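sequence and predicted structure are below.
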Amino acid sequence: MSVGIPISRLWPAPQPQPLDDDALVALYPRGDHPRLRVNFVTSVDGAVSVDGYSAGLSGQPDKRVFGLLRMLCDALVVAAGTLRHEGYRAVRLSPERRAWRRAHGLAEYPTLVVVSGALDLDPAQAAFADAPVRPVVLTHAGAAAPPGLTDVVDLVRCGTETVDLAAGLAELRRRGHDQLLCEGGPRLFGALTAAGLVDEVCLTVAPLLAGPGPGRITAGDPSPVRQLPLRHVLAAEDGVLLLRYARD
Ligand SMILES: NC(=O)c1ccc[n+]([C@@H]2O[C@H](COP(=O)([O-])OP(=O)(O)OC[C@H]3O[C@@H](n4cnc5c(N)ncnc54)[C@H](OP(=O)(O)O)[C@@H]3O)[C@@H](O)[C@H]2O)c1
């Protein structure tokens, strides 16, 4: 597979030669205990979107790492808002990436997990209807499912009036999904941060000024400030930075 725009490591231990996919995978290791990794792309001035979508921030290096992170996870967690707005399709992986997963003892595809309080979800959306693995929806006891939803997803109810995210992640782990990748969006990220559930953040910084208007990559009620140590800085030749922060 073509690597496209070269990516190299700036820190620690600068390594000017371009990183191939094996080297990138080694820089985004699966943990040896359950972990939640969050992946976002932002502009230099901290925008979550351009013209309402993340696509205006993303480019080939971001998409390359985005795809590798999907290959590496057991389950892919996304908020209902982002799923609806970005029109999520079924999670697909190339034959090479499915072979990589099989060789590493993983299921052929990660399981899609959607977090929703209102269950305003369309069972016909391709993310559900065409899913290679039955998706999971994390919701709460009071949420009413629309017709047809439980035909295509497993509903997991955690919490009485709001989604208890800690209980939801514990249930995912009970199902064998130890390495979780969250692709947002901002309100889910804010709630996960507030609950102290974020182990790692992979952040792509696009060399763009989006200007005022778009929100940040996090949203919701204020929560305590937390430390998150920097683990690496990668740079793509188009000026994109790929940062990884993780707690021990
Ligand atoms: N830059 C990036 O990397 C990136 C990544 C992802 C998204 N985005 C952007 O973010 C925007 C979407 O953001 P958004 O405001 O819709 O936020 P969001 O977090 O994507 O979605 C919010 C919705 O998701 C569900 N949800 C989130 N957290 C929940 C919780 N703790 N408990 C229960 N349900 C929860 C709720 O759905 P229900 O209404 O069904 O209850 C809520 O209304 C889009 O513009 C998208 O392009 C950017």
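Sure thing, it's come through.

who in this protein is up against the ligand?
Counting by C-beta under 6 Å from any ligand atom, the chain comes close to the ligand at 40-42, 48-49, 52-54, 57, 79-82, 85-86, 115-118, 120, 163, 165, 183-188, 191, 217, 219. In short, each C-beta sits where N, CA and C put it, glycine included.

filter those down to the ones in helices?
Ala80, Gly81, Thr82, His85, Leu165, Pro186, Arg187, Leu188, Ala191 (DSSP state H).

which residue ranges form the strands in the protein?
All strands of the chain, identified by DSSP state E, fall at 7-11, 35-43, 75-79, 111-115, 136-139, 154-157, 179-182, 200-206, 230-236, 241-246.

give the contact list for the most centrally placed residue in the chain.
Nearest residue to the geometric centre of the chain (C-alpha atoms, centre = their mean): Glu183, 2.4 Å. By C-beta atoms under 8 Å, 6 or more residues apart in numbering, the contact set of Glu183 is Val38, Asn39, Phe40, Phe66, Leu76, Val77, Val78, Thr82.

distance check, it against Tyr245.
From Glu183 across to Tyr245, the span is 16 Å (C-beta to C-beta, to the nearest Å).

residues in contact with stretch 71-81?
Taking C-beta under 8 Å, 6+ apart as the rule, stretch 71-81 contacts 25, 28, 30, 36-37, 70, 88, 91, 93, 97, 100-101, 106-107, 110-118, 120-121, 136, 172, 176-185, 187-188.

which among those end up buried?
25, 28, 36-37, 70, 88, 91, 93, 97, 100-101, 106, 110-117, 121, 136, 172, 177-185, 187-188 (16 or more other C-beta atoms under 10 Å).

which of the ones in helices among the residues of the chain next to the ligand sit farthest apart?
His85 and Leu165 (20.2 Å; C-beta to C-beta).

so which of these two has more stuff around it?
Neighbour count, other C-beta atoms under 10 Å: between His85 and Leu165, Leu165 has more, with 21 against 14.

coming back round to it: for the residue nearest to the centre of the chain, give me the pLDDT.
If you check Glu183, the pLDDT there is 98.

how close does it get to Ala13?
From Glu183 to Ala13 the distance is 29 Å (C-beta to C-beta).

one more: Val233?
From Val233 over to Ala13 (counting by C-beta to C-beta), the distance is 11 Å.

same deal with Arg134?
For Arg134, the distance to Ala13 - C-beta to C-beta - is 42 Å.

between the two, which one's more packed in?
Arg134 (11 against 7).

please verify my assumption that that one contacts Asp151.
No - shown here, Arg134 and Asp151 do not form a contact pair, counting by C-beta atoms under 8 Å, at 10.1 Å.

check contacts around the closest residue to Asp45 other than its chain neighbours.
In space, Asp45 comes closest to Leu209 once its chain neighbours are excluded; the distance is 5.2 Å by C-beta to C-beta, 6 or more residues apart in numbering. Shown in contact with Leu209 (C-beta under 8 Å, 6+ apart): Ser43, Val44, Asp45.

equivalent analysis for Gly59, please.
Ile5, Ala206, Ala236, Asp238, Val240.

now, among the residues you listed, which is nearest to the ligand?
Ala206 (9.3 Å; C-beta to the nearest ligand atom).

state the distance from the nearest residue to the closest one once chain neighbours are set aside to Gly213.
Sequence neighbours aside, Leu57 is the residue nearest to Ala206 in space, at 4.7 Å (criterion: C-beta to C-beta, 6+ apart). According to C-beta to C-beta, Leu57 and Gly213 sit 13 Å apart.

next: Gly239.
In terms of C-beta to C-beta, Gly239 sits 22 Å off from Gly213.

which of these two has more neighbours?
More crowded of Gly239 and Gly213, by other C-beta under 10 Å: Gly239, with 14 against 10.
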